[in-house]
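> A predicted structure for the sequence below; I have some questions about it.
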Amino acid sequence: NNQRGTHQGPPLTHFYGKVERVSDRGDSNYPSRGNARDNRSPGSRDGAGSGEGKRFSGSGRPNRDGTPVRRPRDGASFTARKPNPRSQDRRPSRGDDSQQRNQDPRLPDNVEPTELPDEARRDLLALDKTSADLVARHLVVATQLLEEDPARALAHARAARRRASRIAMVRETAGIAAYYAGEWAEALNELRTARRIGGGSGLLAVMADCERGLGRPERAIEIARSPEARSLPTEAAIELRIVAAGARMDLEQYDAAVVTLQGSDLDNAREGATAARLCYAYAEALLAAGRRDEALSWFFRSSEADSEATDAEDRAVEMSEADPDIV
């Protein structure tokens, strides 16, 4: 199962998750395709090791303050990430603007611009009303489709970007949609642009994970060591550490991944989704380092912190059944 279920989920912007999904309305003109990820998600890793293909990196939905964006249950994996060859250093093609606008995805008739929360709509005040309403509708649909059909979500986010390329919130949303769709280079470019326009530290954990997706784990580690990383809120800092540990795993530096995750927040991790994902990531690192007994105990600890945040309980049961002698 390559469901996205770990990294803090990348963020969507501050309004993500506050709009009703199209598929919840029974709109026959815009049917849900269900889970479009099939056997690979943007965060999946095809490398070796237990938990292969599961998303690795952390907790909740990153908001504009850098705190994480929640993803669905599924756990995190430290297995090595194979770069997406389609995404290598590729930037979104601009081409002829009018031609690209003709390729915009169709909007369902019952999606209204007012469904975008007020805070996000205020960012669109620089546009004329017609453009602002159209951008808002595309953003609403992008957020609604992000989990179930990231490719279509990205198409809507790109349509919004073409009409509002100088608005940080729009570029950030396009970056997050690209991240969910596995378009690492595009996601990184959009998130960097959003940070230049809007200021702040940006979504460093997501940006670092994009570097991993591009086969550049060393750059992910550099981001984790940057001055901006030192000023992150606690949960965002944990997410970035998890990504950095994953980068160490990509480099087969398993003991270093274990050390990266150690700290007082790990020692004190008792309950909640963030604690569960941190414990899960630590268990994965221990397992890769050959410390199976310790890994098993941390999978159980992850499950105790939040049984719905990861598949830690299943992993622990699988390990126990595979090796009855494990403590």
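Arrived safely. Residues are numbered from 1 along each chain as shown.
> In the stretch 201-327 of the chain, where is pLDDT below threshold?
Residue ranges of the stretch 201-327 of the chain with pLDDT under 70: 326-327.
> Which parts of it are helices?
204-213, 217-224, 234-250, 254-261, 264-267, 273-288, 292-305, 312-322 (DSSP state H, counting those that start in this stretch).
> can you tell which of those is closest to residue 137?
Taking CB to CB as the criterion, helix 204-213 is the member of the helices of the stretch 201-327 of the chain that comes nearest to residue 137, at 24.7 Å. Backbone N, C-alpha and C define where each C-beta goes, glycine included.
> That closest one packs against which elements?
helix 168-180, helix 184-198, helix 217-224, helix 234-250 (3 or more CB pairs under 8 Å, 6 or more residues apart in numbering; DSSP states H and E).
> quick one: buried residues of that helix?
Using 16 or more other CB atoms under 10 Å as the test for burial, helix 204-213 gives 204-213.
> Kindly report the same for stretch 123-130.
With burial defined by 16+ other CB under 10 Å, the residues of stretch 123-130 counted as buried are 123-124, 127.
> Tell me the one of these nearest residue 243?
For these, the nearest to residue 243 is residue 123 (27.2 Å; CB to CB).
> what separates that closest one from residue 202, distance-wise?
16 Å (CB to CB, to the nearest Å).
> repeat for residue 164
From residue 164 to residue 202 the distance is 18 Å (CB to CB).
> and the gap between the nearest residue to residue 221 once chain neighbours are set aside and residue 213?
Among residues not flanking residue 221 along the chain, residue 247 sits closest, at 5.1 Å (CB to CB, 6 or more residues apart in numbering). Per CB to CB, residue 247 is found 11 Å from residue 213.
> now do residue 283
For residue 283, the distance to residue 213 - CB to CB - is 23 Å.
> now swap in residue 226 and tell me
19 Å.
> same question, residue 198
Separation of residue 198 from residue 213 (CB to CB): 23 Å.
> With residue 221 instead?
Counting by CB to CB, the gap from residue 221 to residue 213 is 14 Å.
> quick one: which of the buried residues of stretch 123-130 is nearest to residue 303?
residue 123 (39.8 Å).
> For the closest one, give me its contacts.
By CB atoms under 8 Å, 6 or more residues apart in numbering, the contact set of residue 123 is 167-170.
> As JSON lines, those residues with pLDDT, distance to residue 160 and neighbour count would be great.
Shown next, in JSON lines, are the contacts of residue 123 (pLDDT from 0 to 100; distance: CB to CB, whole Å; neighbours: other CB atoms under 10 Å):
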{"residue": "167", "pLDDT": "97", "distance to residue 160": "9", "neighbour count": "23"}
{"residue": "168", "pLDDT": "96", "distance to residue 160": "13", "neighbour count": "20"}
{"residue": "169", "pLDDT": "96", "distance to residue 160": "10", "neighbour count": "25"}
{"residue": "170", "pLDDT": "97", "distance to residue 160": "5", "neighbour count": "30"}
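> List just the nearest of those residues to residue 192.
residue 168 (11.2 Å).
> Quick check, the closest one in contact with residue 203.
No - with contacts counted by CB atoms under 8 Å, residue 168 stays clear of residue 203, the gap being 11.6 Å.
> pretty sure residue 120 belongs to a strand, no?
No - Residue 120: not assigned to a strand; according to DSSP: H, G, I helix; E, B strand; the rest coil it is helix.
> I'd like the buried residues of stretch 123-130 as JSON lines, with secondary structure and distance to residue 180 appended.
Below are the buried residues of stretch 123-130 laid out as JSON lines (DSSP: H, G, I helix; E, B strand; the rest coil; distance: CB to CB, whole Å):
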{"residue": "123", "secondary structure": "coil", "distance to residue 180": "21"}
{"residue": "124", "secondary structure": "coil", "distance to residue 180": "22"}
{"residue": "127", "secondary structure": "coil", "distance to residue 180": "25"}
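> quick one: which of these is nearest residue 279?
residue 123 (36.7 Å).
> how far away is that closest one from residue 175?
Relative to residue 175, and taking CB to CB, residue 123 is found at 15 Å.
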